[in-house]
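In: Structure here, sequence nowhere to be found:
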């Protein structure tokens, strides 16, 4: 399950606060880049 997500802080009109997530399907290039980065991090452990 891969998505490209951006998280925004959010304050509603009643003053309550939370976060809003805007997501879309990740592209094949974004998935490949993330997998390569995770593999690099794993090697550094």
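Out: Looks like it came in fine. None of these values were measured; they are calculated from a predicted model. Numbers count the residues shown, from 1 in each chain.
In: CA only for contacts and neighbour counts going forward, please
Out: Fine.
In: and the residue of the chain most remote from its centre, helix, strand or coil?
Out: Within the chain, the residue lying farthest from the chain centre (C-alpha atoms, centre = their mean) is residue 14, at 27.5 Å. Assigned by DSSP: H, G, I helix; E, B strand; the rest coil, the conformation of residue 14 is coil.
In: Hmm, residue 22 is touching residue 6, no?
Out: Yes: in this structure residue 22 lies within contact range of residue 6 using C-alpha atoms under 8 Å: 5.4 Å.
In: contacting residues around residue 36?
Out: Shown in contact with residue 36 (C-alpha atoms under 8 Å, 6 or more residues apart in numbering): no residues.
In: same thing but 10 Å
Out: Counting by C-alpha atoms under 10 Å, 6 or more residues apart in numbering, residue 36 touches 30, 42.
In: Where does it sit, in terms of helix or strand?
Out: Per DSSP states H and E: residue 36 is located in helix 28-44.
In: The helix or strand of the chain with the lowest mean pLDDT: how far from the chain's middle?
Out: In the chain, the helix or strand scored least confidently by mean pLDDT, DSSP states H and E is helix 28-44, which has a mean of 92. The gap between the average C-alpha position of helix 28-44 and the chain average comes to 14 Å, counting by C-alpha atoms, centre = their mean, to the nearest Å.
In: swap in stretch 15-31?
Out: On the basis of C-alpha atoms, centre = their mean, stretch 15-31 is displaced by 6 Å from the centre of the chain it belongs to.
In: contact partners of that stretch?
Out: Contacts to stretch 15-31, defined as C-alpha under 10 Å, 6+ apart, come from residues 1-12, 32-37.
In: What does the pLDDT read for residue 45?
Out: The predicted structure scores residue 45 at 70 on the pLDDT scale.
In: so how many other residues sit close to it?
Out: Using other C-alpha atoms under 10 Å as the criterion, residue 45 is surrounded by 5 other residues.
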